[in-house]
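sequence isn't available, so here's the structure alone:
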């Protein structure tokens, strides 16, 4: 768990949001005591199934690619 003072959090807010979205607990402190946490919404912190992603990956440069049939197949699976 990462802890940041209020001043550090103010100066690095976008970075702290990115860390929270990546699943890390981010704590904001005042005088060394925790006062707040930054957490991602449920859907933003979901993990990605990399095996599924590899199984549905296609080469967009393939001239024989039919996106309609790919979408239908993914929908039916």
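Right, received. Where do you want to start? Owing to the predicted nature of the structure, the values given are computational and were not obtained by experimental measurement.

what about residue 55, which SS state?
Using DSSP: H, G, I helix; E, B strand; the rest coil, the structure places residue 55 in helix.

and it, how many residues sit next to it?
By other CB atoms under 10 Å, the residues close to residue 55 number 10. Any C-beta I mention is one placed from the backbone N, CA and C, and that applies to glycine too.

pLDDT score for it?
Here the pLDDT value assigned to residue 55 is 83.

what's the spacing between the closest residue to residue 24 other than its chain neighbours and residue 48?
Using CB to CB, 6 or more residues apart in numbering and skipping residues adjacent in sequence, the residue nearest residue 24 is residue 2, 6.2 Å away. Separation of residue 2 from residue 48 (CB to CB, to the nearest Å): 22 Å.

between the two, who's got more neighbours?
residue 2 (12 against 7).

quick one: the strands in this protein, in order.
With DSSP state E as the criterion, the chain has strands at 2-5, 26-30, 33-38.

list the buried residues of the shortest one.
Pointing back at strand 2-5 there. Using 16 or more other CB atoms under 10 Å as the test for burial, strand 2-5 gives residue 4.

would you mind measuring from residue 55 to residue 25?
32 Å.

could you do residue 8 as well?
From residue 8 across to residue 25, the span is 16 Å (CB to CB).

related to what we said a few turns ago, got the contact list for the residue nearest to residue 24?
When contacts are counted by CB atoms under 8 Å, 6 or more residues apart in numbering, residue 2 touches 16, 19, 24, 25, 26, 27.
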